[in-house]
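Enquirer: Attaching a predicted model along with its sequence, questions to come.
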Number of protein chains: 2
Amino acid sequence: MKTICTSIIGFGAIGQGVAEVLLSKKEYLESLDLDVRVIAVVDSRGATIDPAGVDLAACLTRKRETGTVALEKISGLEVIKTLDHELVIETTPTNIETGGAGLLNMMAAFETGKDVVTSNKGPLTLKYRELQKAAKASGSKFRFEATVGGSMPVINLVNEVLAGNEVRSIKGILNGTCNYILSRMLEEKASYTDILAESMELGIAETDPSYDVEGIDTACKLVILANALFGLEATYKDVEVTGITKITPDALEMARENGYVIKLIGEVSRERLLVAPRLVPINHPLAVGGTLNVASVETELAGEITVTGKGAGPIETASAVLSDLISIYREC
Amino acid sequence: MKTICTSIIGFGAIGQGVAEVLLSKKEYLESLDLDVRVIAVVDSRGATIDPAGVDLAACLTRKRETGTVALEKISGLEVIKTLDHELVIETTPTNIETGGAGLLNMMAAFETGKDVVTSNKGPLTLKYRELQKAAKASGSKFRFEATVGGSMPVINLVNEVLAGNEVRSIKGILNGTCNYILSRMLEEKASYTDILAESMELGIAETDPSYDVEGIDTACKLVILANALFGLEATYKDVEVTGITKITPDALEMARENGYVIKLIGEVSRERLLVAPRLVPINHPLAVGGTLNVASVETELAGEITVTGKGAGPIETASAVLSDLISIYREC
C-alpha cells in the first residue's frame, strides 16, 4: 500500500466535494494500493491539521455547522510550505485578475516538490508557462482536468486516449450557464432578460452573470486548452470574445427552422482562439442542451471525437480531481 | 529507444490502415522512444517477412497492384508461432460463428507470450474469458479499443479517463449503418427499403445487410463492453435483440413532432443487455446523425459522460489500434 499524504486547500463546494469523494472511494483507492491520507484541510479562516490523517467526516460536519473547518489559525500557503506531504489539492476560488491565493499556493507547492491537482482556472489562465516550468524544475506532477468543463474529460481524453493523434482544433460549449440560457430561450421563445432572471433564481447564473454570459469563463478555459493541448503560450488577451447578451428569441427560432441551434462556441486551434455565438446543425454532436458541456476534438487520424458531460457540480468536479489523482499515483 | 517487433496479421482495409498509420507516425512514435518494427505482414495468401523490418510502403503497393502481400507461403498462425516478436496486431475479418482465424491467432499469440492489439470482434464475442485467461497466464497485454465503435474511444475512456468512477450503464449507437439508414429515412421521409438500397449503393451497407440491420453487430459490441467494462461473463445469447427493419417513416416523423428521434440503441448494465430501436430526445447527446457512433456512460460520480466518433473507416480504426499500442509500450 502506497500512502499519499495530501492537503485540501480551499473548502468551498468543490473542496467539500473532494472530501466526500475521498471518503466514499476509500475502499476503491485501497484496491489500487493507494492510501490517500488528508493531513490538512484549509479554508479562508484556518485549518484542521493532523499528520496521522484528519477526520474528513468531522471536517464536513464542522464546516456545515460553523461555516469553517478552522481549528488553527494557519493559511493554506503556510500549510503547503511547512507541513510534510506529497500532494496539494488546490480548490480555492478562481480569480482571473491576479490568480488569487491559488497562484501562490501552486507555486509554493512546486517550490517544495509537491504535486498539484486543481480545479482552479485562475492561475492557469494567467501563468500557465510559469506553473509548468516550476513543476518541471522540481519534478512535480501537475494535473487540472477539473478546470475545464467539470466532469467532461477533454484534457485527459486528448492526452491519454487519443495518444498518437495530432489535434487540429477543439470546438466546444464550455459554459453551462450560457448553454442553459440559450436552450431555455428557444424552448420558451422568451427573451434573454427573462431567462437570465430565471437562471439567477435557480442558482444556475451568478448574481453578477457577466463572467459567464460575456464569454469570459469560456475564454479562460480556451486559454488552458490552448496551452495544455496545443503547446501555445496563450493568455486571455489572445482570445477574441463575444458573449450571448445580444441573442434574440427570433434568431434562435430562425436558426431552428433551418435545422440549426445557436450555441456559444469556444474554438481553439493553432490559428485562432475565438469565443462567439455560432450556428450548429441540430443533429451535430455539439448540439446538446441544458447545462451540459461538450467538446469536439478534430484529429488527424480519428476524425472528430466529441465528449459531453456535466460542466459543473461539486461531486462531478471532484470526480475529475479523483481521476487526476489516480492517474498520477496508480502503478502502471 | 525501445524496439517493438510486431506482426500485422490480416491485410484488408484495416490492416492496410494500420500500415499507413505506422508509416505516417514513425517520427511521433520515435519521439515517445518507440521504434515499432513490423517483422511480418500476412494476408490470406501468405506473408512478407523480414526480421530487420519489412518495407511497409512496398507492402501497400504490392497489395494494391497484385491483390496480395504474399512473398512466402506461410500462414498468420505459423508466423505467430515461429517468429520472434512481441506484439501481434490482429486485423483478420470478423467471424462471430466460430471466431475464425482470429481466435486461433490470438490464442497462439498468448501461448507464445506475445501481446495482442486487435480490431476483430469475433473472438472477443465468443471467447472473451478464455482469451483474458490466456493473456493473464502468459503476462501478455490485450487491447481491443478498435473492436467497438471504430475511433470512438469508449473502452479506454472508461478504463483510463474515468478511473475511480463506477459505471452503472452504457447506452449507445454502436452501428453506423443503422444510424445512417434511420437518419436518412427521417430526412427524406423515405421507406426502409429505399434507404437500404441507397446505403448499399454507397457502400455503407453490405450486400447482405442483416448483420447490421438486425442488430447483430450492435449485440456483439455490447457483449465486449459487458465483459470488458462490467466484468460480466456474457455471450451473444445473453442479449435481447431487435433490429430496425420494421421502422417506418411515419414512426420517425411522429417521434420528431414530439421532440424525439428513433435510434437503434444498445444498452448494457449489470441487469440487462438489450438492443432495440428507442426514442431519444432530440437535444440529448445520444441523438447524433449520419454514420456516427456514440456511447453514453452513466457513472456514479461524474454523471453521464458521452463520447461520439466515427464508427468505421480504415484510418479511424487504425488510429484506435495505434492508441492501444502506445498505451501498452509508452513509459509511464
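Expert: That came through fine.

Enquirer: got the CA positions of stretch A:194-211 in CSV?
Expert: Extracted in CSV, the C-alpha atoms of stretch A:194-211 (Å, rounded to 0.1, in the frame of the first residue of the first chain):
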residue,chain,number,x,y,z
ASP,A,194,-36.4,36.8,-18.7
ILE,A,195,-34.4,33.6,-18.9
LEU,A,196,-31.4,35.2,-17.2
ALA,A,197,-33.7,36.2,-14.3
GLU,A,198,-34.9,32.5,-14.2
SER,A,199,-31.3,31.2,-14.2
MET,A,200,-30.4,33.5,-11.3
GLU,A,201,-33.4,32.3,-9.3
LEU,A,202,-32.4,28.7,-9.9
GLY,A,203,-28.8,29.4,-9.0
ILE,A,204,-27.6,28.5,-12.5
ALA,A,205,-26.4,32.1,-13.1
GLU,A,206,-24.4,34.1,-10.6
THR,A,207,-25.8,37.4,-9.2
ASP,A,208,-23.2,39.1,-11.4
PRO,A,209,-23.6,36.9,-14.5
SER,A,210,-21.1,38.8,-16.7
TYR,A,211,-18.3,36.4,-16.2
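
Enquirer: where do the helices sit along the stretch 201-332 of chain A?
Expert: With DSSP state H, counting those that start in this stretch as the criterion, the stretch 201-332 of chain A has helices at A:210-213, A:216-230, A:249-257, A:314-329.

Enquirer: nearest to B:Leu60, of the ones you listed?
Expert: Closest to B:Leu60 of those, according to C-beta to C-beta: helix A:216-230, at 31.3 Å. In this view, the C-beta of every residue, glycine as well, is placed from N, C-alpha and C.

Enquirer: I'd like to know which elements that closest one is packed against.
Expert: Other helices and strands packing on helix A:216-230, by 3 or more C-beta pairs under 8 Å, 6 or more residues apart in numbering or on different chains; DSSP states H and E, are helix A:121-137, helix A:154-156, strand A:167-173, strand A:240-241, strand A:260-269, strand A:273-281.

Enquirer: Confidence-wise, which of those is weakest overall?
Expert: Sorting these by mean pLDDT places helix A:154-156 lowest, at a mean of 93.

Enquirer: Quick one: the helices of the stretch 201-332 of chain A as JSON lines, columns for mean neighbour count too.
Expert: Converted to JSON lines, the helices of the stretch 201-332 of chain A look like this (neighbours: other C-beta atoms under 10 Å in any protein chain shown):
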{"stretch": "helix A:210-213", "mean neighbour count": "19"}
{"stretch": "helix A:216-230", "mean neighbour count": "23"}
{"stretch": "helix A:249-257", "mean neighbour count": "14"}
{"stretch": "helix A:314-329", "mean neighbour count": "25"}
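
Enquirer: The residue of the stretch 101-250 of chain A found nearest chain B - how many residues pack around it?
Expert: Using C-beta to the nearest C-beta, the closest approach of the stretch 101-250 of chain A to chain B is made by A:Ser151 at 3.7 Å. Other residues lying near A:Ser151 total 27 when counted by other C-beta atoms under 10 Å in any protein chain shown.

Enquirer: Pretty sure it sits against A:Lys310.
Expert: Yes. Between A:Ser151 and A:Lys310 there is a contact under C-beta atoms under 8 Å: 5.0 Å.

Enquirer: follow-up on the earlier one: of all the helices and strands packed on helix A:216-230, which lies closest to B:Lys26?
Expert: strand A:167-173 (19.1 Å).

Enquirer: Sheet partners, orientation included, of the closest one?
Expert: Here strand A:167-173 has these sheet partners by DSSP bridges: strand A:260-269 (antiparallel), strand A:292-299 (antiparallel).
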